[in-house]
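>>> Sequence plus predicted model, see below.
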Amino acid sequence: MGAAEGFLNYKRELPESRDPQSRIEDYQEIYKPFSEEKTNHQAARCMDCGIPFCHSGCPLGNQIPDFNDAVYNQDWELAFNILSSTNNFPEFTGRICPAPCEGSCVLGINKDPVAIEHIEKSIVEEAFKLDLVKPEPPKHRTGKSVAVIGSGPAGLAAAAQLNKAGHNVTVFERADAIGGLLRYGIPDFKLEKWTIDRRLKVLEEEGITFKTKANVGENIPVAELEENYDAILLCGGSTVPRDLQIPGRDLKGVHFAMDFLSQQNKRVAGNENPLINHKGEDTKGDILATGKNVVVIGGGDTGSDCVGTSNRHKAKSVTQIELLNKPPKSRKKHNPWPEWPMTLKTSSSHEEGCERDWSILTKEFVGNSDGELTGLKIVDIKWGDNGMEEIRGTDRVIPCELALLAAGFLHPQKEGMIEQLDLELDQRGNVKTENYATSKSKVFAAGDMRRGQSLVVWAISEGRESARVVDEFLMGSSNLPSKSKSFYQLV
């Protein structure tokens, strides 16, 4: 490493965010510019540790100390080459990844970890500025064709890798635009959509074909793909949300978080049909938080995105409740480094204004005679050896005109494509695979569709790894990199 004592000389520093009360007036990303010198100092903090645990913390196996050293030495081209050898889309992970690599950083044992996520974003943005991100179509085509179903991070990563191998790749997306979760699940204040469009332009120029409004199993017959493609890779995601079937569920004002978020993303994009959800269904009316008491049920990232969006809608109040106990502020003994720290996280959306409460059970949606939601009946709970127990005397009704269910996703949609392919499912309802191969010949699956709801960085990893398996199926062997191959093994 170039700066042997960098971790002693510099403290962790990240870009400042715009004032919370001013940034809720728009949907632009919230961070201010950060100087190259400061980024250089952050890269200098990377230790010359004997075993870089950040490698195993990252689902992609990014060669983090190596690209940190390149940034420290201001060699942006080398840094980008190292980073892009393992990560197809660092512009996405550098913005929205929870950075498990930082949770495993050796420096994090007794100091703040290296700002890996920020450095990653800086590398790819500098690479675009320097015109280092160029279309690289394959020199030779194999004559083999692959259909990739779903254009989220897993599908896009798989398509990029399979195209590099020389196959003719077509990506089918049931929505009206490419991007999946990136496009319609993540708010623009976290990921502006020009970042997706910029990357899609590169992928198209490399030879990948994209088809939108192409719902395989409905307006695209499964038999047609089986006949016309040498392999099919399913990357449709985990799209069936966890519901809350309690009294009052059918009241007007109770919605799934993803319908709320995708509708707003479409408004920001100027979409002519913002009421059509991610399944192609009409949500029958605008879902707006304006002037309402909003309660977000679920304490994860999707719930946080609902908080930030509700603040921008000018909600009267925003409350986020969670069934589980409040996480500790620091690691507990049963959660040692280098495990992911199960500690309290405060997002940028929370900073903009939100009441948060834990160990809360929602018992009933309360409404008026017109069938409109007016409140939630909730109760405090405690967790013990026998599970969850309600605390007597804590039942109460809180005002609520908009309830957003952000309790996660169960499994992929089974109707249509999965049923028509007659695929075997696992106990959780995901597509069952063995080394990414499904129970159906020449059909493979990757991402949340097979592993269950997970992170964007895991989806990219799954897309890359499954592409190698599909390439081996088509050609007998593969030169595509696996997670275990570093940049230096590729050059």
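Ah, there it is. Quantities reported herein were computed from a predicted structural model and do not represent experimental measurements.
>>> Cys259 contacts Ile287, doesn't it?
One correction, residue 259 is Asp, not Cys. Yes. The pair Asp259 and Ile287 passes the contact test of CB atoms under 8 Å, sitting 6.2 Å apart. To be clear about C-beta, it is placed using only N, CA and C from the backbone, and glycine gets the same treatment.
>>> who's more crowded, these two?
Ile287 (23 against 19; other CB atoms under 10 Å).
>>> show me where pLDDT drops low in the chain?
Along the chain, the parts satisfying pLDDT under 70 run over 1-2, 277-281, 283-284, 484-491.
>>> Going by length in residues, pull out the top strand of it.
strand 373-384 (DSSP state E).
>>> name the helices or strands packed onto that one?
With contacts taken as 3 or more CB pairs under 8 Å, 6 or more residues apart in numbering; DSSP states H and E, strand 373-384 sits against strand 360-367, strand 387-390, strand 396-399, strand 402-405.
>>> for the residue lying closest to His313 once chain neighbours are set aside, what are its contacts?
Of all residues not flanking His313 in the chain, Ala289 sits nearest, at 3.8 Å (CB to CB, 6 or more residues apart in numbering). Counting by CB atoms under 8 Å, 6 or more residues apart in numbering, Ala289 touches Thr309, Ser310, His313, Lys314, Ala315, Val318, Leu402.
>>> Correct me if wrong: the second one contacts Val295.
No. The criterion here is CB under 8 Å, and Ser310 misses it with Val295 at 9.8 Å.
>>> between those two, what contacts are shared?
Leu402, Leu404.
>>> right, and the helices and strands packed on strand 373-384 - which one's nearest Gln74?
strand 402-405 (45.2 Å; CB to CB).
>>> so how far is the longest helix along the chain off the chain centroid?
Longest helix in the chain by number of residues (criterion: DSSP state H): helix 456-475. Relative to its chain's centre, helix 456-475 lies at 17 Å (CA atoms, centre = their mean, to the nearest Å).
>>> With just CA atoms, put that helix into PDB.
What follows is helix 456-475, C-alpha atoms only, in PDB (Å, rounded to 0.1, in the frame of the first residue of the first chain):
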ATOM      1  CA  VAL A 456     -28.500  -5.600  -5.200                       C
ATOM      2  CA  VAL A 457     -24.900  -6.500  -4.800                       C
ATOM      3  CA  TRP A 458     -25.900 -10.200  -4.300                       C
ATOM      4  CA  ALA A 459     -28.100 -10.000  -7.400                       C
ATOM      5  CA  ILE A 460     -25.100  -8.700  -9.500                       C
ATOM      6  CA  SER A 461     -23.000 -11.600  -8.100                       C
ATOM      7  CA  GLU A 462     -25.700 -14.100  -8.900                       C
ATOM      8  CA  GLY A 463     -26.000 -12.800 -12.400                       C
ATOM      9  CA  ARG A 464     -22.300 -13.100 -13.000                       C
ATOM     10  CA  GLU A 465     -21.900 -16.500 -11.600                       C
ATOM     11  CA  SER A 466     -25.000 -17.900 -13.400                       C
ATOM     12  CA  ALA A 467     -23.700 -16.500 -16.700                       C
ATOM     13  CA  ARG A 468     -20.600 -18.600 -16.300                       C
ATOM     14  CA  VAL A 469     -22.700 -21.700 -15.700                       C
ATOM     15  CA  VAL A 470     -24.900 -21.000 -18.800                       C
ATOM     16  CA  ASP A 471     -21.800 -20.400 -20.900                       C
ATOM     17  CA  GLU A 472     -20.300 -23.700 -19.800                       C
ATOM     18  CA  PHE A 473     -23.700 -25.400 -20.600                       C
ATOM     19  CA  LEU A 474     -23.600 -23.900 -24.100                       C
ATOM     20  CA  MET A 475     -19.900 -24.300 -24.900                       C
END
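>>> hang on, the earlier thing: now the contacts of Ala289: which count as buried?
Among the contacts of Ala289, the ones that count as buried by 16 or more other CB atoms under 10 Å are Thr309, Ser310, His313, Ala315, Val318, Leu402.
>>> which among those gets closest to Asp301?
When these are compared for distance to Asp301 (CB to CB), Thr309 comes out closest, at 12.6 Å.
>>> If anything else comes up later, I'll come back, but that's it for now.
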